[in-house]
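Peer 1: quick one, structure for this:
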Amino acid sequence: MTAQFVLANTSLSPVPLTPEVHLHLADEAIELWERTESDQGGQLPPPFWAFAWAGGQALARYVLDHPALLAGRDVLDLAAGSGLVAIAAMKAGAARVTAVEIDPLAIAAIDVNTKANDVVVTALLGDVLEQEPDADVVLAGDVFYSREMTRRMLAYLRRAAGKGTTVLVGDPGRAYLPKDHLTLLAEYDVPVPRTLEDAPVKRTTVWAVNP
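Peer 2: Down below sits the predicted model:
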């Protein structure tokens, strides 16, 4: 899967809550998913990379509005999807940003989107959640959507926070949001495609992860 596939199945548009960032986005999730699997000839993960999810939008907005948190620092964006949060981090003045994804097509989307926004982000394909965190700031948008993902992600994020790393997450009210380990920083009403969520606007929160 290549950048050509991303470009052929999306259109460049501003992100609703962060119009400073333009992304190559799709209109229909199911149709794109079917097209992706047909093109590859097998089962693939949903095309999370083709949409600006509410958790990522809120986190990106917070980062852009609080550039002092990232200025001159090394940033890690987990489950980066389209690269929205990573791009926002670079626009906010981060020294370096690494965007991690397990989907090869997301890596292609990140490359396309960073070029569209004239920023440089290192896209890393792989699962880093069992590794030791090594960044000044760790960001994660909309990662608490399943019990197992929350267990693994929270363990990594708390390890990072325990080392003194600034750890921020964005969440649109997912069932497994671990509020007991978080401190609320901000709330936003985020426009989202009806094909993704149960409402056209999602009340979305940004949190700091406690050690």
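Peer 1: from the contact counts, what lies against the biggest helix by length in the chain?
Peer 2: Scanning the chain for the helix with the most residues, using DSSP state H, yields helix 147-162. On a contact count with 3 or more Cβ pairs under 8 Å, 6 or more residues apart in numbering; DSSP states H and E, helix 147-162 meets strand 137-141, strand 166-171, strand 201-209. Bear in mind the C-beta positions are built from the backbone N, C-alpha and C, glycine included.
Peer 1: pick the most deeply packed of those.
Peer 2: strand 137-141 (a mean of 27; mean count of other Cβ atoms under 10 Å).
Peer 1: mind listing what that strand pairs with, with the direction of each?
Peer 2: strand 74-78 (parallel), strand 166-171 (parallel) (DSSP bridges).
Peer 1: could you dump these to a markdown table with mean pLDDT?
Peer 2: Converted to a markdown table, these look like this (pLDDT from 0 to 100):
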| stretch | mean pLDDT |
| --- | --- |
| strand 74-78 | 98 |
| strand 166-171 | 98 |
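Peer 1: for Pro16, find the nearest of those.
Peer 2: strand 166-171 (14.1 Å; Cβ to Cβ).
Peer 1: as TSV, the helices and strands packed on helix 147-162 with distance to Val190 would be great.
Peer 2: TSV is the format used below for the helices and strands packed on helix 147-162 (distance: least, Cβ to Cβ, whole Å):
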stretch	distance to Val190
strand 137-141	11
strand 166-171	9
strand 201-209	5
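Peer 1: so which of these gets nearest Ala155?
Peer 2: strand 201-209 (10.9 Å).
Peer 1: need the contact partners of the closest one.
Peer 2: 54-55, 57-59, 62, 154, 157-158, 160-161, 166-173, 179, 181-192 (Cβ atoms under 8 Å, 6 or more residues apart in numbering).
Peer 1: quick one: mean pLDDT for that strand?
Peer 2: Strand 201-209 shows a mean pLDDT of 97.
Peer 1: which of the contacts of strand 201-209 count as buried?
Peer 2: Those of these that meet the buried threshold are 54-55, 57-59, 62, 154, 157-158, 160-161, 166-172, 182, 185-186, 188, 190, 192, by 16 or more other Cβ atoms under 10 Å.
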